[in-house]
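A.B. asks: model this:
(one chain, ligands or ions: 1)
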Amino acid sequence: MERLRRRADLREERGPSGELAALHDPLLARRIDVGPLARALLAALDGERSTEEAIAAVAAAESAPSEAVAASLRALLLVLVFEGAGEETLARVRRAAAAPPELVFLEGARFECQGSGACCRGYQFGPVTARDRERLLGFDLVGAGLGEGPYLVERAGEHFLRTHEDGRCVFLRGDARCGLHAAFGAAAKPAFCQLYPLRALPTIEGWKVHDGGECATSAVSGRSGPLLEAERERLRALLPEKCALEHPVIHLGALPCDMGYVLAMQRAAVAALAAPLPAAAALRALSRVLHGAVSALETAPLVPGAPERALAAASPLEAPATDALVRVLDHLQAAFSLRGPFGEMLSLALHLAVSRIDSEIVLTHDHAAVARVAASGPDFDEPLRYTMRTAAFGDALLLEKRLLAGVARLATASFLIATGARLRAHREGSPAVRAPDVSFAQHTVLRALRRTSVDAIFVEHEASAWSLAEAAAQGM
Ligand code: SF4
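C.D. replies: A predicted model of the protein is given here:
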């Protein structure tokens, strides 16, 4: 077996007794904590011993199971501590440091504002950059009939657009149009308004520009208008010239790994969703591809280059549908007030989830009527699949730098959107889900799940992510 050798450019940090406490990676701007097993492994991998000999020597010296020593070695390999590990990723990091990143887009992604004005209420509008502030205050805002001001408020040294008591932006007009846009043109608005609902993630593959999915008319706006690709120049001008790369260590359950491996998984997930699958099949495909990829990294041989080869050869992996989704919905139900449309949707979703998993459950008349609302066809499947594709391409697949927690959240969100859309269609007397029903449910669910208080629920249940996704797909 190939000899593992620590990368020469890593700097050592010593603890109080002179022991190796951490490694600093100057290229990836990252500090790697070194525990007792990793410390012993790094000492044992002296270029003379094979990997197997080093694992056996450390297991004997530390009285540790060889599986635990191998797991520690796998973690070191996947955070690119050894020569030859993640070569392509490191080359891309060097290139990204030398040149400003290009914009990259999800194939076929579009957006066209439908003028609902919903994105200009109930948010925090800022921070407004110094450049935007200067431009804004240079206009004759009073003369344009935009009120007397103040237009900005300061909080903790940053500026935000002022809001009215009901949460509306100070510039939002009664006809749901932006007053700044109407008076001075689209380019007068702060950059974050011009970008919304798109987000840009600076990765080694470029600025990944994608739809955050929170538009109130997403089922229409995400399928209308020009390709995002065609707006490359306008969007590039809204982003900073230089920006620190988003390239952290990501946790796959207990296993840490470099972001480069996660980007490869994301490409595989996006490819799995290229076919026009029904929404439930798309969720299954997404989850199974990621499950197979994680399993490939967990079992790849412990030599540089092997994780990349294992990922390239990974096959989709199924999991049994269990009651994991019901347990997550139980926690969400407790975390949210049951008043209002979201609480009602959760309560109903819980019943529908249980009934899909346990055929003994008898639904009440109302639950059964909602469950009978047809949810299929382009107005249902396309927006949901698009939400999954943008999540797979962008940042919504990760939650607190954890992939499985992100999958658990996406699967739960997809199930709740499907249920919420059925509920709204039923309330409006429609026998089938329509695009506005999906938009309403998506807007409600994604905004509600964005609260940090619910993140802990998905992290706690991340070990059930694959089963949860199967159950969610079954219930959609
Ligand atoms: S400035 Fe205009 S686009 Fe931005 S939040 Fe206010 S009303 Fe909306």
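
A.B. asks: can we go C-alpha only for contacts and neighbour counts from here?
C.D. replies: Fine.

A.B. asks: which helix or strand in the chain has the lowest average pLDDT?
C.D. replies: Using mean pLDDT, DSSP states H and E, helix 340-357 stands out as the lowest-scoring helix or strand of the chain, at a mean of 77.

A.B. asks: helices or strands up against it?
C.D. replies: Applying 3 or more CA pairs under 8 Å, 6 or more residues apart in numbering; DSSP states H and E, we find helix 340-357 packed against helix 324-335, helix 365-372, helix 403-427, helix 435-449, helix 465-475.

A.B. asks: same thing but 7 Å
C.D. replies: helix 324-335, helix 403-427, helix 465-475 (3 or more CA pairs under 7 Å, 6 or more residues apart in numbering; DSSP states H and E).

A.B. asks: where exactly do the strands run in the stretch 251-400 of the chain?
C.D. replies: With strands called from DSSP state E, counting those that start in this stretch, the stretch 251-400 of the chain shows them at 255-258.

A.B. asks: quick one: low-confidence ranges for the stretch 351-476 of the chain?
C.D. replies: Counting by pLDDT under 70, the stretch 351-476 of the chain shows low-confidence ranges at 357-361, 363.

A.B. asks: list the contacts of S414.
C.D. replies: Neighbouring residues of S414 by CA atoms under 7 Å, 6 or more residues apart in numbering: there are none.

A.B. asks: let's see it at 8 Å
C.D. replies: L283, L384, A472, M476 (CA atoms under 8 Å, 6 or more residues apart in numbering).

A.B. asks: out of the helices and strands packed on helix 340-357, the one nearest the ligand is which?
C.D. replies: Closest approach to the ligand among the helices and strands packed on helix 340-357 is made by helix 403-427 (25.1 Å; CA to the nearest ligand atom).

A.B. asks: what residues of that closest one count as buried?
C.D. replies: Under the neighbour-count criterion of 16 or more other CA atoms under 10 Å, helix 403-427 has 403-426 buried.

A.B. asks: check stretch 261-277 too.
C.D. replies: Result for stretch 261-277 [16+ other CA under 10 Å]: buried residues Y261, V262, L263, M265, Q266, A268, A269, V270, A271, A272, L273.

A.B. asks: backbone dihedrals for the last one, both of them.
C.D. replies: It refers to L273. Listed backbone geometry of L273 is phi -100, psi 10, with angles given as degrees, to the nearest 10.

A.B. asks: mind checking how far it is from L350?
C.D. replies: 27 Å (CA to CA, to the nearest Å).

A.B. asks: could you find the closest non-adjacent residue to A411?
C.D. replies: A469 (5.1 Å; CA to CA, 6 or more residues apart in numbering).

A.B. asks: so who does the residue minimising distance to the centre of the chain touch?
C.D. replies: The centre of the chain sits closest to A396, judged by CA atoms, centre = their mean, with a distance of 1.5 Å. By CA under 8 Å, 6+ apart, the contact set of A396 is G212, T390, G406, L410.

A.B. asks: which single one of those residues is nearest to V81?
C.D. replies: Taking CA to CA as the measure, V81 lies nearest G406 of these, at 25.8 Å.

A.B. asks: make sure that closest one is actually in contact with L398.
C.D. replies: Yes: G406 lies in contact with L398 (CA atoms under 8 Å); the separation is 4.4 Å.

A.B. asks: number of nearby residues for the residue in the stretch 201-350 of the chain that the ligand sits nearest to?
C.D. replies: Residue nearest to the ligand within the stretch 201-350 of the chain: C215 (12.3 Å; CA to the nearest ligand atom). C215 has 28 neighbours, counted by other CA atoms under 10 Å.

A.B. asks: for it, which three-state class applies?
C.D. replies: Under DSSP: H, G, I helix; E, B strand; the rest coil, C215 falls in the coil class.

A.B. asks: tell me the pLDDT at it?
C.D. replies: Looking at C215, its pLDDT is 85.

A.B. asks: now it: phi and psi?
C.D. replies: Note on C215: backbone dihedrals following degrees, to the nearest 10 are phi -70, psi 140.

A.B. asks: interface residues of the stretch 51-200 of the chain facing the ligand?
C.D. replies: Neighbours of the ligand within the stretch 51-200 of the chain, by CA under 6 Å from any ligand atom: C120, C169, F171, L172, C178, L180, K189, C193.

A.B. asks: can you redo the residues you listed as CSV with pLDDT?
C.D. replies: Output for these, formatted as CSV (pLDDT from 0 to 100):
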residue, pLDDT
C120, 89
C169, 92
F171, 92
L172, 92
C178, 91
L180, 93
K189, 93
C193, 91
